[in-house]
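[1] 3D, please:
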Amino acid sequence: MTKKIAVFVGSLRKESFNRKMARALIELAPKSLMLEMVEIGRLPLYNQDYDDEGTPPAEYIEFRQHVKSFDGVLFVTPEYNRSVPAVLKNALDVGSRPFGQSVWGGKPGAVVSVSPGAIGGFGANHHLRQSLVFLDIPAMQQPEAYIGSASQLFDEEGKINNEGTRGFLVKFMEAFAAWVEKNTTRNG
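    From the prediction side, this is the model:
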């Protein structure tokens, strides 16, 4: 059975390396996964007062309902100041509230960090994983995906131009498909 996976990109720039990587991962995913990018750039900053007063913005409501419909989650993120971008953290916060109604719990996930630097967003990858533990998103441990030197990985059309990277990403997505199957079977 095909599993529906939400893909969250932590960069808002339309030509970001992370957006290109998300598109590549969607293309390279096995047939058992159906991936869809979920846009997070228009979510208002999380403010608990909205939920406490029973007046959450329509964007919160729509986002929460949409994320509930997925079987798993994939995060593709750059590293900003050794952490995740605010837009991605905000999406996690909006989806985790109101208290006791998180849309994240039990959904298997994975993290891919992408950077033009040599260490491939290692800090963001691990910082994001800390939040995923609290949100009860079982995150795939292996293989890890820290994609460095991103400025050299894409051709003019945004496709992966490095066969070694392409091969690694295919194996990563196959492992993720197995992870999703194992964890949705256990949780479903």
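
[2] what pLDDT does residue 187 get?
    With respect to pLDDT, residue 187 scores 49.

[3] Please identify the residue most distant from the middle of the chain.
    Here the chain reaches farthest from its C-alpha mean at residue 53, the gap being 29.7 Å by CA atoms, centre = their mean.

[4] where does that residue fall, phi/psi-wise?
    Backbone geometry at residue 53, expressed as degrees, to the nearest 10, gives phi -90, psi 0.

[5] Quickly note the distance from it to residue 110.
    Separation of residue 53 from residue 110 (CB to CB, to the nearest Å): 36 Å. C-beta here means a position set from N, CA and C on the backbone, and glycine is covered the same way.

[6] so what does the lengthiest helix in the chain touch, helix or strand wise?
    What stands out as the longest helix in the chain, according to DSSP state H, is helix 163-187. Under the contact criterion of 3 or more CB pairs under 8 Å, 6 or more residues apart in numbering; DSSP states H and E, helix 163-187 touches strand 3-9, helix 17-28, strand 33-37, strand 72-77, strand 109-114, strand 145-147.

[7] Pull the contacting residues for the residue nearest the centre of the chain.
    Centroid-nearest residue in the chain: residue 75, 1.5 Å away (criterion: CA atoms, centre = their mean). By CB atoms under 8 Å, 6 or more residues apart in numbering, the contact set of residue 75 is 7-8, 10, 88, 109-112, 128.

[8] Show me what it is bridged to.
    Residues in a beta bridge with residue 75, per DSSP bridges, are residue 8, residue 111.
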